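Trainee: What would the 3D arrangement of this be:
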Amino acid sequence: MKLRTLTLGCKVNQYETEYVREGLATIGYADAVGGEEADLCIVNTCTVTGEGDAKSRKEIRRLARQNPAAKIVVMGCYATRAPDEVAVLPNVTEVLTDKRELPDLLGRFGVTDVPTGISGFGARHRAYVKVQDGCLLRCSFCIIPHVRPELTSRPAEHIIAEVERLVANGYREVVLTGIHLGHYGVELNRGRAKAEWTRLAGLVRQLAALPGDFRLRLSSIEATEVTRELIDALAAPSQQIGPQRIAPHLHISMQSGSDGVLRRMKRRWGAKRFVDRCRLFQQALDLPAITTDIIVGFPGETEAEFQETLAVCREVGFSKIHIFPFSARRGTPAWSMAEQISPELKAERVERLAAVEAELRDAYFAKLLGGSLEVLVETPLGGERYVGTSCRYAPVELDATPKEVGTFINVIGGEVRGGRILARPFAKP
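Mentor: Reported below is the predicted structural model:
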C-alpha cells in the first residue's frame, strides 16, 4: 500500500503529518516515490489566509488527478473551518475536523498500537516536537483560535520519550513547537498548587538534562511568556552538559512596534513591555539571537506608526524578521476594519522593512565573527562547501564532507557576506 502526504502551513502541521505517516507505516503503508500512484493521500491544510485555503483546494485536486484511485483524507485548520467545502472536493473520503482525533483516525485504518509520538522526521536533520495545541487569544487578525480553541498539553513523559527516540535516531536538533508554546501546561495546572505546576521552563530543564549529542531550540513564543523562570532555564549551563545544549535563540512574535497598531490588533502588551522582555533575555545570555514576525500595513497603520515599528526593530536588534503584508482574513475583526491599506503602500513598506532587516541581520552576524560557532551541517553547495545553521540561528557557509552532514562542527566566524556567515576552521596547532 502506497501513501502520499502533503503538508501546508506551520511546524505543528508538519509534526502532525509525520505522526500520521508513522502510524500508517506500522500497518504496511510505504511512501509513494517518483511517479508511483498512491492508494491513500493525507493532506494537512492551512487556513491562516484565504490564499492558504485556495492552495489547499488546488493541491487536493492535483493529488486526485495524479492518484485517481486514491482515497484522500484531509485534516488541518482549513478542514476544521470549512469541512463542507473540503468534503465535496474530488476523491475526499474523510475530513478530520479535530486534531485531537488523530489517534482515532489511525484506529479506523486498523492501527492497533497507536503511537504516543514520532521517532523520525524524514530526511531532515532537525525534528519538530509538538508539545502543545490550542490558543485562547483573540488577536483581531488571526483565525487560528477559532479552529484550534482548546488548550491541550502533551504529558511530559511522552515528550521526553519522543526526544530520546529522535536523538537515538540521529536527529541533532529538536525544536519544541505548539500553537501557543508559552501556554504549555496551563490547562494541566488548573486546581493544582503553584509548587506542582508544569510549565514550559520545567519541560525545557528536563529535556536539557537528557543524554546525547543534540541541541534544543524553542519555536515561536509570545513576549509575555518570556518569563524570568524561562530565561533562567535557557541561561543555565544545561545541567552541566554544555553551553550549547539549549540554543541561545528565541523567536518572539512582535507583529508591530506601534502601541496604536498593537491595540487594534488586540495584542496583550505595548512596545515598551516587548522591548523590556527582549532586554531581559539579552542580558542573561551571551549574544543571543532574537527573531520575530511583523505584519506590515495593518488597517489604519500610519506612516508615523510604521516608523515606530522600524524604531523598535532597531532598538531590539533582531537577527531575522519574518515580514507579512497584512492579508484580511474573513471571520476576523480585522476583515471589516476601516482604513484598509493599499497593496502598493504595503509593498513599499515591506521593502523598507526588509532593508532594515538586512542591516540588523548583518550587524548581529558581525558580532559573532571571531568566535566559535557550533554549526549543524545541512545543505551541500558544491565541492566541499556546505551551509548549516548555528546555535544562534545564523546560516553559516563552511567546508565539510558528506559524512559530516547532520553533525555538529565547530568553526570560527570569518566574514559576513550575502546574508550568511562565511566560516573558517579552527587554526591547527
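Trainee: Which strands or helices does the helix or strand of the chain with the lowest mean pLDDT pack on?
Mentor: Lowest mean confidence among the helices and strands of the chain (mean pLDDT, DSSP states H and E): helix 144-147, at a mean of 88. Taking 3 or more Cβ pairs under 8 Å, 6 or more residues apart in numbering; DSSP states H and E as contact, the helices and strands that helix 144-147 lies on are helix 77-81. Bear in mind the C-beta positions are built from the backbone N, C-alpha and C, glycine included.
Trainee: quick one on the thing from earlier: the helix or strand that the least confident helix or strand of the chain is followed by: partners in the sheet, and parallel or antiparallel?
Mentor: Counting by DSSP states H and E, the next helix or strand C-terminal to helix 144-147 is strand 152-153. For strand 152-153, the paired strands and their directions (DSSP bridges) read strand 126-133 (antiparallel).
Trainee: Can I get the strand it pairs with in PDB, CA atoms only?
Mentor: Once side chains and other backbone atoms are set aside, the C-alpha atoms of strand 126-133 remain, and they are given as PDB (Å, rounded to 0.1, in the frame of the first residue of the first chain):
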ATOM      1  CA  ARG A 126      16.200  18.800  12.800                       C
ATOM      2  CA  ALA A 127      13.000  17.500  14.100                       C
ATOM      3  CA  TYR A 128       9.900  19.400  15.400                       C
ATOM      4  CA  VAL A 129       8.300  18.100  18.500                       C
ATOM      5  CA  LYS A 130       4.700  19.300  19.200                       C
ATOM      6  CA  VAL A 131       4.200  19.800  22.900                       C
ATOM      7  CA  GLN A 132       1.000  21.900  23.000                       C
ATOM      8  CA  ASP A 133      -2.100  22.700  20.900                       C
END
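Trainee: Flag every buried residue along it.
Mentor: Burial within strand 126-133, assessed by neighbour count using 16 or more other Cβ atoms under 10 Å, is assigned to 126, 127, 128, 129, 130, 131, 132, 133.
Trainee: Next: stretch 299-310.
Mentor: By neighbour count on 16+ other Cβ under 10 Å, the buried set for stretch 299-310 is 299, 301, 305, 306, 308, 309, 310.
Trainee: could those residues go into a markdown table alongside distance to residue 74 and pLDDT?
Mentor: Shown next, in a markdown table, are the buried residues of stretch 299-310 (distance: Cβ to Cβ, whole Å; pLDDT from 0 to 100):
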| residue | distance to residue 74 | pLDDT |
| --- | --- | --- |
| 299 | 32 | 97 |
| 301 | 35 | 98 |
| 305 | 39 | 98 |
| 306 | 39 | 98 |
| 308 | 41 | 98 |
| 309 | 37 | 98 |
| 310 | 41 | 98 |
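Trainee: now, among those residues, which is nearest to residue 66?
Mentor: Proximity of the buried residues of stretch 299-310 to residue 66 (Cβ to Cβ) peaks at residue 299, which lies at 40.3 Å.
Trainee: pretty sure that closest one contacts residue 332?
Mentor: No. Under the criterion of Cβ atoms under 8 Å, residue 299 lies out of contact with residue 332, with a separation of 11.0 Å.
Trainee: Can you list the residue ranges for helices in the chain?
Mentor: All helices of the chain, identified by DSSP state H, fall at 11-25, 50-66, 77-81, 83-87, 102-108, 144-147, 156-168, 200-208, 228-235, 259-265, 271-284, 303-316, 343-367.
Trainee: And these, which one averages the lowest pLDDT?
Mentor: Lowest mean pLDDT within these: helix 144-147, at a mean of 88.
Trainee: And for it, what's in contact with it?
Mentor: When contacts are defined by Cβ atoms under 8 Å, 6 or more residues apart in numbering, helix 144-147 is touched by residues 47, 48, 77, 80, 81, 135, 136, 137, 138, 139, 179, 331.
Trainee: most neighbours, which of those residues?
Mentor: The most crowded member of the contacts of helix 144-147 is residue 77, carrying 28 neighbours; neighbours defined as other Cβ atoms under 10 Å.
Trainee: From residue 91, how far out is it?
Mentor: Applying Cβ to Cβ, to the nearest Å, the value for residue 77 to residue 91 is 21 Å.
Trainee: And residue 262, by the same measure?
Mentor: To residue 91, residue 262 is 44 Å away according to Cβ to Cβ.
Trainee: Same check on residue 59?
Mentor: Residue 59 sits 12 Å away from residue 91, going by Cβ to Cβ.
Trainee: Wait, residue 184 touches residue 199, no?
Mentor: Yes. Look at residue 184 against residue 199 with Cβ under 8 Å: they come within range, at 6.6 Å.
Trainee: between these two, who's got more neighbours?
Mentor: More crowded of residue 184 and residue 199, by other Cβ under 10 Å: residue 184, with 27 against 21.
Trainee: what's the distance between that one and residue 172?
Mentor: As judged by Cβ to Cβ, residue 184 and residue 172 stand 23 Å apart.
Trainee: And residue 9, by the same measure?
Mentor: According to Cβ to Cβ, residue 9 stands 25 Å off from residue 172.
Trainee: Residue 273 now?
Mentor: When Cβ to Cβ is applied, the distance between residue 273 and residue 172 equals 35 Å.
Trainee: In terms of neighbours, single out the busier of these two.
Mentor: When neighbours are counted by other Cβ under 10 Å, residue 172 comes out ahead of the other of residue 273 and residue 172, with 19 against 14.
Trainee: My guess is the more buried one contacts residue 376. True?
Mentor: Yes. With the criterion set as Cβ under 8 Å, residue 172 and residue 376 qualify as a contacting pair; they are 5.6 Å apart.
Trainee: what's the overlap in contacts for those two?
Mentor: Overlap between the contact sets of residue 172 and residue 376, as judged by Cβ under 8 Å, 6+ apart, is given by 125, 126, 215, 406, 407, 408.
Trainee: could the residues you listed be laid out in JSON lines, adding distance to residue 2 and pLDDT?
Mentor: Compiled in JSON lines, those are given as follows (distance: Cβ to Cβ, whole Å; pLDDT from 0 to 100):
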{"residue": "125", "distance to residue 2": "26", "pLDDT": "88"}
{"residue": "126", "distance to residue 2": "27", "pLDDT": "91"}
{"residue": "215", "distance to residue 2": "35", "pLDDT": "95"}
{"residue": "406", "distance to residue 2": "27", "pLDDT": "94"}
{"residue": "407", "distance to residue 2": "32", "pLDDT": "94"}
{"residue": "408", "distance to residue 2": "36", "pLDDT": "94"}
